[in-house]
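# Requesting a structural model of the entry that follows:
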Amino acid sequence: QVQLVESGGGLVQAGGSLRLSCAASGRIFSINSMGWYRQAPGKQRELVATITSGGSTNYVDSVKGRFTISRDNAKNTVYLQMNSLKPEDTAVYYCNADIVLIAMGVIPRNYWGQGTQVTVSS
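Numbering: from 1, shown residues only. Predicted coordinates:
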């Protein structure tokens, strides 16, 4: 019923930048919070940043001042601009969203994207 499709990952040198995108499609009535998580090899998945439908943002301390989350509600898309990348940012980045479906009540359901690899070389 809903798909989250990420794009924009890749290989970049330390200090470089990447911009991730995640587009939601399907029987969407509305999208509440959207966010990005990441999982490095051998580590648990961690929250990177979230953004509410009203634009309020939250970041993990390790990315504050370097990453910026934004969204285009008309396109059902969330972005993550990543600057000053460090080797420790290397991970699979996952998009996450709380989505209310058309004709399925008012309780949002949580969805994940398939992930996109970000590799930062030193």
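
# so what's Q114 up against?
Contacts here follow Cβ atoms under 8 Å, 6 or more residues apart in numbering; on that basis Q114 touches 4-6, 94. All C-beta spots, glycine's among them, are computed from the backbone N, C-alpha and C.

# mind redoing it with 10 Å?
Taking Cβ atoms under 10 Å, 6 or more residues apart in numbering as the criterion, Q114 is in contact with 3-6, 92, 94-95.

# what do you get for Y94?
Neighbours of Y94 in contact, by Cβ under 10 Å, 6+ apart: 4, 6, 20, 22, 35-39, 45, 48, 112-116.

# Pull up the gap between it and A74, please.
To A74, Y94 is 23 Å away according to Cβ to Cβ, to the nearest Å.

# Report the secondary structure state of the residue sitting furthest away from the middle of the chain.
Most distant from the centre of the chain: A103, at 26.0 Å, with distances by Cα atoms, centre = their mean. Under DSSP: H, G, I helix; E, B strand; the rest coil, the three-state class of A103 is coil.
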